[in-house]
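Peer 1: Here is a sequence with its predicted model. Questions after.
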Amino acid sequence: MLLLGLAMERQEHDRGGALALIREAAWIAQGVGHLEVVIRAAAALAMLTAGDQAELEAARVWAALARSTFERYGDDPSIEVEVRRHLGEFALTAGDYDAALSEYRRARTLARVRDGERSLAYINALRSIGAVEAELGQPEAVTTLERARTLAAALLGPRHPMMPEILDALGSAEMGQDNFHRALELHRAALELTEELLGPTHARAAVPLNNLAIIYDETGRYDEAVVALERAREILVTELGADHPKVAYVDVNLGSALQNLDRYAEALTRYEAALVVLADSLGPEHMAVGVTLQNLATVRAALGDYAGALDDYDRAAEVLTASFGDSHPTLVSVEKNRAEALAELDRDDEALAAARRAMAMTEAIWGPEHGEQLVSILTTLSGIELELGNRERARDCAERAVELCSSATAPGELASAHFGLAKLLARKDRERARALAEQATRALARAASGHEQELAEIRAWLDAHG
């Protein structure tokens, strides 16, 4: 009964029936004292029900039952690897990344001892560890997942159904290190292999589509991002229904792409729909809710609702700090955006303090020369310093922002940095100011779409300073 339920779940067939079979197996096993089945069933139920807010408390009970029964049962590597993997999935779905890593690493150690590194259990654990490391922005994720890919290809073959999942996770890890070209190659390979193995409308095809769209969004290819995300959303709605968290995740990314195309009302609709689904299904304190609040705040700010944006940023900071701690890269973005909202509300001293916190966090995480993270914050800081009358400090920040720009800098950020410095130099160095503004227009023109408003502003400035 337990094996049948697990098999049905793995095949994504009749999830309700699979859960019912596993629950029945757990209760029968508990009644007859078959502790191994109790442990395996309880751990599986913790993993499978954690994604539903209505069942989250039950998931916690199942996880506790699995742990307490295992303590009574005693060490047994033959089942502990599976149990640790399921408990890791439960922790990950519940947003506890540290606990998930701990469970996965224990599973990896046990699998290595029991089966060796060339085993499915070891590869699964390695893949799970790498995926969490990538989610946390840890650079070691690339090494972890490359090892999982090598072992899986050798053991299972390069076209095994596990390979697209590893390729996708590896693509996300590369993107986390700003290796966008490499990430794009990996996500495309994952999509092609998924379509070949499972068909173009299978739910798993939505994962690489969503990840491709994230890269398109990061690199200014917003129209392509919208196309990929709309296809992913259609697949998931058909398979899972509109109120599923996976659809909400796509809606968040779709909102981002629409926002970058200045389609703010549509973006607001997508974010608000996603927020309701995620809060209802995962709980209001889940990390995904924090990310959605952050994105929702940026749209409110773009629409001029800075007070509403600040409320959302503050709530996002609470949720994300509880999930990641106070030194995670995501908090840098929140703090920078808080600074901008405060500045728009003429709360310049608070804005300056927030921008400086964002700068200190960035330098502590990535170092003082990491241009891809610092350019935007320095540009924001320059604008706030100028509002406070600190023109020399503003210029120093703007000069540093321009110096740190590179070919990998997003077009909008590069243009903002160059135009910000151009405005500061207009009175003293007219020739350089025009050159900087013209470079900003070229950067925006290279973007596939979006930035029309910024481009019009720079061109108007150039006309006025001809």
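Peer 2: Sure thing, it's come through.
Peer 1: Flag the shaky bits of this protein, pLDDT-wise.
Peer 2: Filtered on pLDDT under 70, the chain yields the residue ranges 1-40, 42-59, 61-67, 69-78, 371-372, 448-450, 466.
Peer 1: mind checking how far the helix or strand hosting residue 382 is from the chain centre?
Peer 2: When secondary structure is defined using DSSP states H and E, the element that contains residue 382 is helix 371-387. With C-alpha atoms, centre = their mean, to the nearest Å as the basis, helix 371-387 stands 24 Å off its chain's centre.
Peer 1: After that helix, heading C-terminal, what element do we hit next?
Peer 2: In the C-terminal direction, the helix or strand that comes right after helix 371-387 (DSSP H and E) is helix 391-404.
Peer 1: could you dump that following helix to CSV, C-alpha only?
Peer 2: What follows is the C-alpha trace of helix 391-404 in CSV, where atoms were taken according to Å, rounded to 0.1, in the frame of the first residue of the first chain:
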residue,chain,number,x,y,z
ARG,A,391,26.9,67.6,-4.1
GLU,A,392,30.5,66.4,-3.8
ARG,A,393,29.4,63.1,-2.1
ALA,A,394,26.8,62.7,-4.7
ARG,A,395,29.4,63.0,-7.4
ASP,A,396,31.8,60.6,-5.7
CYS,A,397,29.0,58.0,-5.6
ALA,A,398,28.0,58.5,-9.2
GLU,A,399,31.7,58.4,-10.4
ARG,A,400,32.2,55.1,-8.6
ALA,A,401,28.9,53.7,-10.0
VAL,A,402,30.0,54.5,-13.5
GLU,A,403,33.5,53.0,-12.9
LEU,A,404,31.9,49.7,-11.7
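Peer 1: next helix or strand past it?
Peer 2: Per DSSP H and E, helix 391-404 leads on to helix 411-425 as the next helix or strand towards the C-terminus.
Peer 1: now for that next one, which elements pack on it?
Peer 2: Identification of packing neighbours for helix 411-425 by 3 or more C-beta pairs under 8 Å, 6 or more residues apart in numbering; DSSP states H and E yields helix 371-387, helix 391-404, helix 430-446, helix 452-464. Placement of C-beta: from N, CA and C, glycine included.
Peer 1: what's next to the first one, contact-wise?
Peer 2: Looking back up the chat, that one is helix 371-387. Helix 371-387 is contacted from outside by 178, 329, 332, 336, 339-340, 343, 348, 351-352, 355-356, 358-359, 362-363, 365-366, 368, 391, 393-395, 397-398, 400-401, 404-406, 408-409, 413-414, 416-417, 420-421, 424, using C-beta atoms under 8 Å, 6 or more residues apart in numbering.
Peer 1: Flag every buried residue along it.
Peer 2: 371-386 (16 or more other C-beta atoms under 10 Å).
Peer 1: Same question for the second one.
Peer 2: Applying a neighbour-count criterion of 16+ other C-beta under 10 Å, one finds 393, 394, 395, 396, 397, 398, 399, 400, 401, 402, 404 buried in helix 391-404.
Peer 1: ditto for stretch 311-326
Peer 2: Within stretch 311-326, judged by 16+ other C-beta under 10 Å, the buried ones are 312, 313, 315, 316, 317, 319, 320, 321, 323, 324.
Peer 1: now, which of those residues sits nearest residue 148?
Peer 2: When these are ranked by distance to residue 148 (C-beta to C-beta), residue 324 comes first, at 23.9 Å.
Peer 1: How about the closest one: what's its closest non-neighbour residue?
Peer 2: Excluding its sequence neighbours, the residue lying closest to residue 324 (C-beta to C-beta, 6 or more residues apart in numbering) is residue 330, at 6.3 Å.
Peer 1: Tell me who's in contact with the one you found.
Peer 2: Taking C-beta under 8 Å, 6+ apart as the definition, contacts of residue 330 comprise 290, 291, 294, 320, 324.
Peer 1: Just the CA atoms of whichever strand or helix holds it, as PDB, please.
Peer 2: Residue 330 is part of helix 329-344, with elements assigned from DSSP H and E. Listed in PDB are the C-alpha atoms of helix 329-344, where the atom choice follows Å, rounded to 0.1, in the frame of the first residue of the first chain:
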ATOM      1  CA  PRO A 329      21.300  39.300  -0.800                       C
ATOM      2  CA  THR A 330      17.500  39.700  -1.100                       C
ATOM      3  CA  LEU A 331      17.500  42.100   1.900                       C
ATOM      4  CA  VAL A 332      20.000  44.400   0.100                       C
ATOM      5  CA  SER A 333      17.400  45.000  -2.700                       C
ATOM      6  CA  VAL A 334      14.600  45.600  -0.100                       C
ATOM      7  CA  GLU A 335      16.700  48.100   1.800                       C
ATOM      8  CA  LYS A 336      17.800  50.000  -1.400                       C
ATOM      9  CA  ASN A 337      14.200  50.200  -2.500                       C
ATOM     10  CA  ARG A 338      13.100  51.400   0.900                       C
ATOM     11  CA  ALA A 339      15.600  54.100   0.600                       C
ATOM     12  CA  GLU A 340      14.100  55.200  -2.700                       C
ATOM     13  CA  ALA A 341      10.600  55.200  -1.300                       C
ATOM     14  CA  LEU A 342      11.600  57.200   1.700                       C
ATOM     15  CA  ALA A 343      13.400  59.700  -0.600                       C
ATOM     16  CA  GLU A 344      10.200  60.200  -2.600                       C
END
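Peer 1: After that helix, which helix or strand is next? Please name it.
Peer 2: From helix 329-344 onward toward the C-terminus, using DSSP H and E, the following helix or strand is helix 348-366.
Peer 1: and that following helix, what does it pack onto?
Peer 2: Helices and strands in packing contact with helix 348-366 are listed as helix 329-344, helix 371-387; criterion 3+ C-beta pairs under 8 Å, 6+ apart.
Peer 1: In TSV: these, plus distance to residue 232.
Peer 2: Output for these, formatted as TSV (distance: least, C-beta to C-beta, whole Å):
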stretch	distance to residue 232
helix 329-344	22
helix 371-387	26
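Peer 1: on that earlier part again, and the contacts of residue 330, which two are the farthest apart?
Peer 2: Comparing all pairs in the contacts of residue 330 by C-beta to C-beta, the longest separation belongs to 294 and 324, at 12.2 Å.
Peer 1: what about the residue nearest to residue 255 when sequence neighbours are not counted, distance to residue 295?
Peer 2: If you skip the residues right next to it in sequence, residue 255 has residue 270 as its closest partner in space, 3.7 Å away by C-beta to C-beta, 6+ apart. For residue 270, the distance to residue 295 (C-beta to C-beta, to the nearest Å) stands at 9 Å.
Peer 1: so how far is residue 433 from residue 311?
Peer 2: In terms of C-beta to C-beta, residue 311 sits 37 Å off from residue 433.
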